[in-house]
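In: Take this sequence and fold it.
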Amino acid sequence: MDKHAFKPDTRYTLVHRDPAGRARPLNVYVYRVYDQFLVARDLTGAGLLRRIPYREIERVVLEEPVPPEARYALPAGILDEKNWHDREAMQHYATSPGRGK
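Out: Sure, this is the predicted structure:
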């Protein structure tokens, strides 16, 4: 896969290769798409922000665009590419201002 297969502010269900090499389902909300990886919120489990290299993604099972009123908001500095080269995951709480939280 490459960056042209993904769009920001979209939910995806993916087939992802874990570190042991097994194919696993993964539900994510994509914030940013870069040349070598994408930054997404893992919607299953703890809700961590993750850097996902394209080589670990086998295929896209489902793609669902998110309307503007339902999007997650994060500070732009957290999503900068330079912050993700040496990190795999980050815990950060974020929400949309329109949801009243």
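In: Every contact and neighbour count from this point should use C-alpha atoms.
Out: Fine.
In: can you tell me which residues contact residue 87?
Out: residue 51 (Cα atoms under 8 Å, 6 or more residues apart in numbering).
In: switch the cut-off to 7 Å
Out: For residue 87, no contacting residues are found, by Cα atoms under 7 Å, 6 or more residues apart in numbering.
In: what helices or strands is the top strand by length along the chain leaning on?
Out: Ordering each strand of the chain by length in residues (DSSP state E) puts strand 23-33 first. With contacts defined as 3 or more Cα pairs under 7 Å, 6 or more residues apart in numbering; DSSP states H and E, strand 23-33 has these neighbours: strand 10-17, strand 37-42.
In: tilt between it and strand 10-17?
Out: 140 degrees (axes from the mean of the first three to the mean of the last three Cα atoms, to 10 degrees).
In: quick one: buried residues of strand 23-33?
Out: 25, 26, 27, 28, 29, 30, 31, 32, 33 (16 or more other Cα atoms under 10 Å).
In: For the last one, name its beta-bridge partners.
Out: For residue 33, the beta-bridge partners are residue 38 (DSSP bridges).
In: Next, name the residue at the spatial heart of the chain.
Out: Per Cα atoms, centre = their mean, the C-alpha nearest to the average position across the chain is that of residue 40, at 1.4 Å.
In: isn't that residue right up against residue 31?
Out: Yes: between residue 40 and residue 31 there is a contact at 5.4 Å, judged by Cα atoms under 7 Å.
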